[in-house]
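Trainee: Sequence first, predicted model second:
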Amino acid sequence: MRTLLLLLLFCHVSSPVLHSLKYFITSSTGIPNIPEFVLTVEADELLTKYCDTNKMLEVKHDIAKSFFIKYPEWLEWYRQQCFHFFPNTFKNLTNSLMSVFNQSGGVHVLQETGGCEWDDETDEVKGFAQIGYDGKDFLELDPKTFTWVALRPEAVIAKIRWDADEVLRKFYKASLTEFYPEDLKQYVDYAGSSLLRTELPSVSLLQKTPSSPVSCLATGFYPHRASLVWRKDGEELHEEVDHGEILPNHDGTFQMSVDLKLSSVTPEDWTRYDCVFQLSGVKEDIITKLEKDRIRNNLVKSSNMTVLVTAAVVVLALILIGAAGFIVYKKKKGEREKGKISLL
């Protein structure tokens, strides 16, 4: 296994990479003590910027910090967007939706996820934007026509209004086809190998109890474009597994897990199962066989437990003996002191 991992470390191949710039916007009304507008921006899944209506603008990643030092005009552009244009625009959009539903007050939340993806080989750029309102999917932008698609019947009225807003249409067209792609390309060009790198994970098999599912955990990989599956006889399983989400680690890498239910797996069949990790840009897969000696759990072997219990009993006995001896010693000493006092 170690030899396989060492070989894979050098299996980086030239392949196209799909880069992404994503922004997440929350505009709310009627919620005290939180900003009415919050914006976060990610480049290739790394959080780079945060701002809100409290006039707070933070650059979150070291690469982003050095990028804005070199290109301060981009930081100023985001500052103007964050503190002026975006809050006003999304407040108007929130008010527009409240008007559609005849809502004069109360707590309401508009959320938007958008941005662009860029293929560095074909130079193809795809923009996207989706709106949620009060916790439900609402509208999605058609990137070809820059008109809105209603995701719910009650969103049709909002679609008609927003499609008729020429200023809004120009805003989305310029953002998704010009500003965001230009920002992403310049950022990727500056970050270079930091974003193009590939890091392989460590893969472990974990199990809480003998009857629990076996979890295959891959952690420490980059980029996030990866897959983790259980296979039986080389065929991917779908019915007996539970897939977890890809989650970020504190160091900028990612982790993910997939559970295999053992209720229908006999011990004789274990060797037919394996966990397979695939990472974008790396030819070879990391394959981990389902074997008992590879599974890590919280159980302690009975022989070890016996030794531990015996040792604990002995230690406790010594403590009790020592305490009893000390009490006897103090008692006798006290009697001797009393004897001395009475003789005086």
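Mentor: That came through, no problem.
Trainee: low pLDDT regions in the stretch 151-300 of the chain?
Mentor: Scanning the stretch 151-300 of the chain for pLDDT under 70 picks out 193-196, 298-300.
Trainee: Try it again at 90.
Mentor: Along the stretch 151-300 of the chain, the model assigns pLDDT under 90 to residues 183, 186-199, 209-212, 222-225, 238-240, 246-254, 262-271, 280-283, 292-293, 297-300.
Trainee: For it, which segments count as strands?
Mentor: Assigned by DSSP state E, counting those that start in this stretch, the stretch 151-300 of the chain shows strands spanning 202-207, 214-221, 226-232, 235-236, 241-243, 247-248, 254-260, 273-279, 286-289, 295-297.
Trainee: can you redo these as JSON lines with mean neighbour count and distance to Ile160?
Mentor: In short, each C-beta sits where N, CA and C put it, glycine included. Below are these laid out as JSON lines (neighbours: other CB atoms under 10 Å; distance: least, CB to CB, whole Å):
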{"stretch": "strand 202-207", "mean neighbour count": "18", "distance to Ile160": "51"}
{"stretch": "strand 214-221", "mean neighbour count": "21", "distance to Ile160": "45"}
{"stretch": "strand 226-232", "mean neighbour count": "19", "distance to Ile160": "41"}
{"stretch": "strand 235-236", "mean neighbour count": "10", "distance to Ile160": "44"}
{"stretch": "strand 241-243", "mean neighbour count": "15", "distance to Ile160": "39"}
{"stretch": "strand 247-248", "mean neighbour count": "12", "distance to Ile160": "39"}
{"stretch": "strand 254-260", "mean neighbour count": "21", "distance to Ile160": "41"}
{"stretch": "strand 273-279", "mean neighbour count": "21", "distance to Ile160": "44"}
{"stretch": "strand 286-289", "mean neighbour count": "17", "distance to Ile160": "51"}
{"stretch": "strand 295-297", "mean neighbour count": "13", "distance to Ile160": "58"}
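Trainee: looking at these, which is closest to Thr89?
Mentor: Closest to Thr89 of those, according to CB to CB: strand 247-248, at 29.1 Å.
Trainee: Could you list the residues in contact with the closest one?
Mentor: 45, 254-256 (CB atoms under 8 Å, 6 or more residues apart in numbering).
Trainee: let's see 6 Å
Mentor: Strand 247-248 has contacts (CB atoms under 6 Å, 6 or more residues apart in numbering) with 254-255.
Trainee: Stretch 267-276 too?
Mentor: Contacts of stretch 267-276 (CB under 6 Å, 6+ apart): 216, 229-233, 285, 287-290.
Trainee: List just the nearest of those to Gly132.
Mentor: Val229 (30.1 Å).
Trainee: which residues touch the closest one?
Mentor: 236, 276.
Trainee: and it, how far is that from Phe90?
Mentor: For Val229, the distance to Phe90 (CB to CB, to the nearest Å) stands at 39 Å.
Trainee: which two of the contacts of stretch 267-276 lie the greatest distance from each other?
Mentor: Cys216 and Asp233 (16.9 Å).
Trainee: my guess is Asp259 meets Leu217, correct?
Mentor: No. Here Asp259 does not reach Leu217: they are 9.7 Å apart, not a contact under CB atoms under 6 Å.
Trainee: How many residues are close by Thr145?
Mentor: By other CB atoms under 10 Å, 11 other residues sit near Thr145.
Trainee: repeat for Phe86
Mentor: Counted with other CB under 10 Å, Phe86 comes out at 21.
Trainee: Now for the closest residue to it other than its chain neighbours: which residues touch it?
Mentor: Closest residue to Phe86 apart from its sequence neighbours, by CB to CB, 6 or more residues apart in numbering: Leu39 at 6.1 Å. Contact analysis of Leu39 by CB under 6 Å, 6+ apart lists 25, 51, 82.
Trainee: does Leu39 sit in a helix or strand, and which one?
Mentor: strand 37-43 (DSSP states H and E).
Trainee: Find the nearest non-adjacent residue to Glu36, please.
Mentor: Using CB to CB, 6+ apart, the nearest residue to Glu36 is Thr53, at 5.1 Å.
Trainee: so how far is stretch 99-113 from its chain's centroid?
Mentor: A distance of 28 Å separates the centroid of the chain from that of stretch 99-113, by CA atoms, centre = their mean, to the nearest Å.
Trainee: what's the model's confidence in it, averaged?
Mentor: On average, the pLDDT along stretch 99-113 is 92.
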